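K.L.:
Give me a model of this one.
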Amino acid sequence: MKKILLLVSLFVAVAGLTAHAQQTLVEYDIRSINGFTASQLPPSTIADDVSASGITYAANLEPDDGFWENLSEGLFLVKWDDGAFNVNNNYLEFTVSATGDKKLALDNLTLGVGRESTSNISGPMVFRVYSSLDGYGSILGQVMLPPISGSADVEQATLNVTLDQSFDNIESVTFRIHGHNDVQNDNFLAGGGLANFSSASIEVGGLPFSVGSTGSNVVLTGSVFDPDELTLTNAGVSNLGETSATFGASIPSDGGLTIVSRGFVYSRTSENSDPVIGGTGVSQVTSGSGDGAFSETVTGFDEITQYTLRAYVSTEEEGTEYSDPVTFATLAPELARFDIESINGFSLPFLPPASVHPNLVVSNISYAGNLSIDTDFWENAQSAIMLVGWEENFNTNESYFEFTVEPEVNHRMTLNNITIGLGRESSEFGGTGPEV
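P.N.:
Numbers count the residues shown, from 1 in each chain. You can find the predicted model right below:
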């Protein structure tokens, strides 16, 4: 039987609750920028009953027009403070509001971020999103840009933020995007900001730049509703597993009606793609009464199967109404897991699997012969890291971890997803482990 070599552990995870993704409320077209003398990026799309400011930056930031003024599209760049970085004062921001008597139920915020690098300077490496709903106290989402690969590069990435049910019944919100550098003292001068380059290479001021990864316009999705009308958000799925899932939805407004029941209905999509209470192959899960957010954890699904889900609400006055149908698929079974937290000290030359599917044979995770256990400093650590000393001149062909997964006789396997946690040490003496 041919062996299949995998260099990471087998695990599937779905995180975050997705709900009420009805429409694009606001979009900012980063590629519409011509030069960098503009003080803001105006919205290119605004939904009915919504108002939105331009994307501006804190007063102590300024357009990076000393070098990038001739670039026609793809980057809303500002020059970040070259002193000690102050997370409270350095940010981009925009505000979105419902007009009239309407309310907002927000679902997702997507934005592309980027940074430039020339010679020995570079822009922010980590971007984080905050909101005014909690006084900018909690990180809604963050992304780390890849390391700069040359002396004249632009790296970009897409940051997706799933907005929870605290955004379901609001009049207005301001989002702030903060940048953080990747060096200890947080000093930098180069530009960074919102990015959505369409090409892999650009030329600025006669200097060629390569462009890495994928950016995005700034897009906020959700719905606008009348608080005097009954409103039900689309159902969302979280904590998705092989045979279980958590359903969630919200009723931002009861519209003055008496809600007697609420919950979810679902069915195998192949059997019924439009489930309603009492329909063919439909299961019903009740979840209390009244308005507000509600959720239920459901078990008993089949593995690797697609289901269709709807939320419902029943009132005394108008009967039962349903949200739009959404689909989800249960996960494949976990084939192997290596528990890094089980490690005790660093005298162990390998990491054995903690669990293995009954019809598989899985080896230990070991490392190439030219690596060694890092006992010089880390010998007293108790758990959560399998650390080795990498050779001084790093050789990608000879320095690696590995493990092998093999089906038993008369069996085959289909692989779905692999996940691994990685780490490196860094000390004040200047030594650091592998970065990539």
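K.L.:
Show me what the one helix or strand residue 260 maps to is packed against.
P.N.:
Assigned by DSSP states H and E, residue 260 belongs to strand 259-268. Judged by 3 or more CB pairs under 8 Å, 6 or more residues apart in numbering; DSSP states H and E, the packing partners of strand 259-268 are strand 244-251, strand 283-286, strand 292-299, strand 306-315. C-betas here are computed from N, CA, C, even on glycine.
K.L.:
Those strands into JSON lines, with extra columns for mean pLDDT, distance to residue 198 and mean neighbour count?
P.N.:
Below are these laid out as JSON lines (pLDDT from 0 to 100; distance: least, CB to CB, whole Å; neighbours: other CB atoms under 10 Å):
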{"stretch": "strand 244-251", "mean pLDDT": "92", "distance to residue 198": "36", "mean neighbour count": "22"}
{"stretch": "strand 283-286", "mean pLDDT": "97", "distance to residue 198": "45", "mean neighbour count": "15"}
{"stretch": "strand 292-299", "mean pLDDT": "93", "distance to residue 198": "39", "mean neighbour count": "16"}
{"stretch": "strand 306-315", "mean pLDDT": "96", "distance to residue 198": "34", "mean neighbour count": "22"}
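K.L.:
re earlier: could you give me the buried positions within the strand holding residue 260?
P.N.:
Of all the residues in strand 259-268, those buried under the rule 16 or more other CB atoms under 10 Å are 259, 262, 263, 264, 265, 266, 267, 268.
K.L.:
where does residue 132 fall, phi/psi-wise?
P.N.:
phi -70, psi -10 (degrees, to the nearest 10).
K.L.:
Using TSV, lay out the helices and strands packed on strand 259-268 together with distance to residue 335.
P.N.:
What follows is the helices and strands packed on strand 259-268, written out as TSV (distance: least, CB to CB, whole Å):
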stretch	distance to residue 335
strand 244-251	18
strand 283-286	28
strand 292-299	21
strand 306-315	21
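K.L.:
Quick check: which of those strands is nearest to residue 100?
P.N.:
Checking the helices and strands packed on strand 259-268 against residue 100 by CB to CB gives strand 244-251 as the closest, at 21.1 Å.
K.L.:
could you point out which element follows that closest one?
P.N.:
Taking DSSP H and E, what comes next after strand 244-251 is strand 253-254.
K.L.:
What helices and strands are in contact with that following strand?
P.N.:
If contacts are counted by 3+ CB pairs under 8 Å, 6+ apart, strand 253-254 sits against strand 230-231.
K.L.:
Looking at the strand it packs on now, give me its mean pLDDT.
P.N.:
The average pLDDT for strand 230-231 rounds to 87.
K.L.:
Could you do stretch 23-32 as well?
P.N.:
Across stretch 23-32, pLDDT averages out at 88.
K.L.:
Report the backbone C-alpha coordinates of it in PDB.
P.N.:
Backbone C-alpha positions of stretch 23-32 (Å, rounded to 0.1, in the frame of the first residue of the first chain) are rendered in PDB as follows:
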ATOM      1  CA  GLN A  23     -27.000  42.700   1.200                       C
ATOM      2  CA  THR A  24     -24.000  45.000   0.800                       C
ATOM      3  CA  LEU A  25     -24.700  48.100   2.900                       C
ATOM      4  CA  VAL A  26     -21.500  50.000   2.100                       C
ATOM      5  CA  GLU A  27     -18.500  49.400  -0.200                       C
ATOM      6  CA  TYR A  28     -15.400  51.400  -0.600                       C
ATOM      7  CA  ASP A  29     -13.600  50.900  -3.900                       C
ATOM      8  CA  ILE A  30      -9.900  51.100  -3.200                       C
ATOM      9  CA  ARG A  31      -9.100  50.900  -6.900                       C
ATOM     10  CA  SER A  32     -10.900  54.200  -7.500                       C
END
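K.L.:
Return the set of buried residues in that stretch.
P.N.:
24, 25, 26, 27, 28, 29, 30, 31.
K.L.:
what's downstream of the helix or strand harbouring the second one, the next helix or strand?
P.N.:
Translated: residue 25. For residue 25, the host element (DSSP H and E) is strand 23-28. Per DSSP H and E, the first helix or strand lying C-terminal to strand 23-28 is strand 45-46.
K.L.:
in its sheet, what does that following strand sit against?
P.N.:
strand 23-28 (antiparallel) (DSSP bridges).
K.L.:
farthest-separated two in the buried residues of strand 259-268?
P.N.:
259 and 268 (28.5 Å).
K.L.:
For the nearest residue to residue 158 once chain neighbours are set aside, list the residues it contacts.
P.N.:
Excluding the flanking residues, the one nearest residue 158 by CB to CB, 6 or more residues apart in numbering is residue 216, at 4.4 Å. Taking CB atoms under 8 Å, 6 or more residues apart in numbering as the contact definition, residue 216 lies against 110, 111, 112, 158, 196.
K.L.:
count of residues packed around the first one?
P.N.:
Put plainly, it is residue 110. Residues lying near residue 110 (other CB atoms under 10 Å) number 17.
K.L.:
Could you tell me which ranges of the stretch 251-400 of the chain sit under the pLDDT cut-off?
P.N.:
The stretch 251-400 of the chain contains residues with pLDDT under 70 at 342-349, 369-398.
K.L.:
And the helices in it?
P.N.:
With DSSP state H, counting those that start in this stretch as the criterion, the stretch 251-400 of the chain has helices at 375-378.
K.L.:
which residues touch the strand holding residue 260?
P.N.:
Under CB under 8 Å, 6+ apart, the answer for strand 259-268 is 235, 247, 249, 251, 273, 275-277, 279-291, 294, 296, 298, 302, 305-316, 322.
K.L.:
What is the longest strand that the chain contains packed up against?
P.N.:
Longest strand in the chain by number of residues, with DSSP state E as the criterion: strand 103-118. Judged by 3+ CB pairs under 8 Å, 6+ apart, strand 103-118 is in contact with strand 75-79, strand 91-98, strand 126-131, strand 152-162, strand 172-180, strand 191-195, strand 218-225.
K.L.:
out of those strands, which comes closest to residue 423?
P.N.:
Among the helices and strands packed on strand 103-118, strand 126-131 comes nearest to residue 423, with 16.6 Å by CB to CB.
K.L.:
which regions of the stretch 51-200 of the chain lie under the pLDDT threshold?
P.N.:
By pLDDT under 70, the low-scoring segments of the stretch 51-200 of the chain are 59-89, 118-122, 147-152, 181-191, 199.
K.L.:
repeat that for 80
P.N.:
The model of the stretch 51-200 of the chain has pLDDT under 80 over residues 57-90, 115-125, 146-154, 180-193, 197-200.
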